[in-house]
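Chemist: model this:
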Amino acid sequence: MEIRIGMVNVARELTFEVNDDDAEQLKTDLESAFESETSMLWVTDRDGRNVGLSVDRLAYIEFGAPGDRRIGFATD
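Modeler: Below is the predicted model:
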């Protein structure tokens, strides 16, 4: 599942992919982090990379399936 995260005062969004089970766990981890006022949340993507998120700087989080990545000028 593709995850997009927007940060406050940052022009680019952070995009990475996680397994579907990990996406559900990420949702609960985020909710817990906001409730407990945790300052940093660490997420591991599908490739094993760790991403640290400053919880108080999160603007939005989008959960969605990865779309087909098109290359070139192909049309449907």
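Chemist: quick one, what contacts Asp29?
Modeler: If a contact means CB atoms under 8 Å, 6 or more residues apart in numbering, then Asp29 has 41, 43 as its contacts. In this view, the C-beta of every residue, glycine as well, is placed from N, C-alpha and C.
Chemist: distance between the helix or strand harbouring it and the chain's centre?
Modeler: Element membership for Asp29, per DSSP states H and E: helix 20-36. Averaging C-alpha positions (CA atoms, centre = their mean, to the nearest Å) puts helix 20-36 11 Å from its chain's average.
Chemist: now do stretch 14-34
Modeler: Relative to its chain's centre, stretch 14-34 lies at 7 Å (CA atoms, centre = their mean).
Chemist: go through that stretch and flag the buried ones.
Modeler: Within stretch 14-34, the residues that qualify as buried are 16, 18, 22-23, 26, 29-30, 33, counting by 16 or more other CB atoms under 10 Å.
Chemist: now it - C-alpha only, PDB.
Modeler: Extracted C-alpha coordinates of stretch 14-34, given in PDB (Å, rounded to 0.1, in the frame of the first residue of the first chain):
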ATOM      1  CA  LEU A  14       7.000  11.800   1.700                       C
ATOM      2  CA  THR A  15       5.900   8.700  -0.300                       C
ATOM      3  CA  PHE A  16       6.700   5.100   0.500                       C
ATOM      4  CA  GLU A  17       5.100   1.700   0.400                       C
ATOM      5  CA  VAL A  18       4.300  -0.700   3.200                       C
ATOM      6  CA  ASN A  19       2.600  -4.100   3.300                       C
ATOM      7  CA  ASP A  20      -1.200  -4.100   3.800                       C
ATOM      8  CA  ASP A  21      -0.900  -5.500   7.300                       C
ATOM      9  CA  ASP A  22       1.700  -2.900   8.200                       C
ATOM     10  CA  ALA A  23      -0.500  -0.100   6.900                       C
ATOM     11  CA  GLU A  24      -3.200  -1.000   9.500                       C
ATOM     12  CA  GLN A  25      -0.600  -1.100  12.200                       C
ATOM     13  CA  LEU A  26       0.700   2.300  11.000                       C
ATOM     14  CA  LYS A  27      -2.800   3.800  11.400                       C
ATOM     15  CA  THR A  28      -3.000   2.500  15.000                       C
ATOM     16  CA  ASP A  29       0.500   3.700  15.800                       C
ATOM     17  CA  LEU A  30      -0.200   7.200  14.500                       C
ATOM     18  CA  GLU A  31      -3.400   7.400  16.600                       C
ATOM     19  CA  SER A  32      -1.500   6.300  19.600                       C
ATOM     20  CA  ALA A  33       1.300   8.700  18.900                       C
ATOM     21  CA  PHE A  34      -1.100  11.700  18.800                       C
END
